[in-house]
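Asker: predicted coordinates and the sequence they were generated for:
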Amino acid sequence: MPQQAHIIAQRLLNLYRQEHVIDGGWAAVNKVLVAESNDAAVIAELENMPTGKKLIAHIENLRSKKTPMDSINKDLLPYGGLMSGTEVSFSLSDAEKKELRDVLDAFQPTLDNLNTVKHLPLVQKFGNDWAMDIKAALVSDADMSAKWHTVIQTDKAYKTWDSAQQLLSETLTERNRAQIQADMPEYETYLPMFGDAGREMLNKLRTFMSSLM
């Protein structure tokens, strides 16, 4: 059952993150979230997944009827609400915007440059949601938005690389295979950004996954 719970939890998390492209929106997604999260093992799995705690809080709100079945609390929106069409307001001062522009003009998709961006005080003030919150703050500036997109892609690429390395360093298990299968679209998107090393890692993941099938 733990393996099945992990797969269900991953599916629910994917639905939660992708509501903005699902026909029926929250009304459709919420029915599935409530129907498939009855098992305590599923909730336990969500506890250990990125943004899983937000999803758990949302499910609890639905069960208690605090949140209608066709809605979601603004504070629990995935990606800070940026993908949902819900109005979310973030801003930078003129001085912060100038500082960020200077850094973005010199940005290259390397780990050192990414760390420079992430350690800027104006970035750190946004906490864990810095990438999407600043994207929202730059939405009216097409040039800076395009450059910020490169920062987001670079951050995602390195996180994906680290995730792949971690999985490949662990003992082969059905749980790992399921995780790789669920995340394969992201591996296929981001690992090739690392050239031959990334493609080699992608092939290892595919072999890893198929060896347990």
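Answerer: Perfect, thanks for sending it.
Asker: per-domain residue ranges of this structure.
Answerer: 2-81, 90-213 (automatic domain parsing).
Asker: out of these, which gets the lowest mean score?
Answerer: Here the domains of the chain differ in mean pLDDT, and the lowest is domain 2-81 at a mean of 85.
Asker: just how off-centre is that one within its chain?
Answerer: Centroid separation between domain 2-81 and its chain, computed with Cα atoms, centre = their mean, to the nearest Å, is 14 Å.
Asker: also stretch 189-207?
Answerer: Here stretch 189-207 shows a centroid-to-chain-centroid distance of 19 Å under the convention Cα atoms, centre = their mean.
Asker: same check, this time on stretch 175-191
Answerer: Taking mean C-alpha positions (Cα atoms, centre = their mean), stretch 175-191 and its chain are 13 Å apart.
Asker: export only the CA atoms of it, formatted as PDB.
Answerer: Extracted C-alpha coordinates of stretch 175-191, given in PDB (Å, rounded to 0.1, in the frame of the first residue of the first chain):
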ATOM      1  CA  ARG A 175       8.900   3.800  -5.300                       C
ATOM      2  CA  ASN A 176      11.800   5.300  -7.100                       C
ATOM      3  CA  ARG A 177      10.600   4.000 -10.400                       C
ATOM      4  CA  ALA A 178       7.200   5.600  -9.900                       C
ATOM      5  CA  GLN A 179       8.800   8.900  -8.900                       C
ATOM      6  CA  ILE A 180      11.000   8.900 -12.100                       C
ATOM      7  CA  GLN A 181       8.000   8.000 -14.200                       C
ATOM      8  CA  ALA A 182       5.900  10.800 -12.700                       C
ATOM      9  CA  ASP A 183       8.800  13.400 -13.200                       C
ATOM     10  CA  MET A 184      10.000  12.100 -16.600                       C
ATOM     11  CA  PRO A 185       8.500  15.100 -18.500                       C
ATOM     12  CA  GLU A 186      10.600  17.500 -16.400                       C
ATOM     13  CA  TYR A 187      13.800  15.300 -16.800                       C
ATOM     14  CA  GLU A 188      13.200  15.300 -20.600                       C
ATOM     15  CA  THR A 189      12.800  19.100 -20.600                       C
ATOM     16  CA  TYR A 190      15.600  20.200 -18.400                       C
ATOM     17  CA  LEU A 191      18.400  17.600 -18.400                       C
END
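Asker: quick one on the thing from earlier: mind giving me JSON lines with the domains of the chain and columns for mean neighbour count?
Answerer: C-betas here are computed from N, CA, C, even on glycine. What follows is the domains of the chain, written out as JSON lines (neighbours: other Cβ atoms under 10 Å):
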{"stretch": "domain 2-81", "mean neighbour count": "16"}
{"stretch": "domain 90-213", "mean neighbour count": "15"}
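Asker: leaving out sequence neighbours, find the closest residue to residue 71.
Answerer: Here the nearest residue to residue 71 in space, its sequence neighbours aside, is residue 26; by Cβ to Cβ, 6 or more residues apart in numbering that works out to 5.8 Å.
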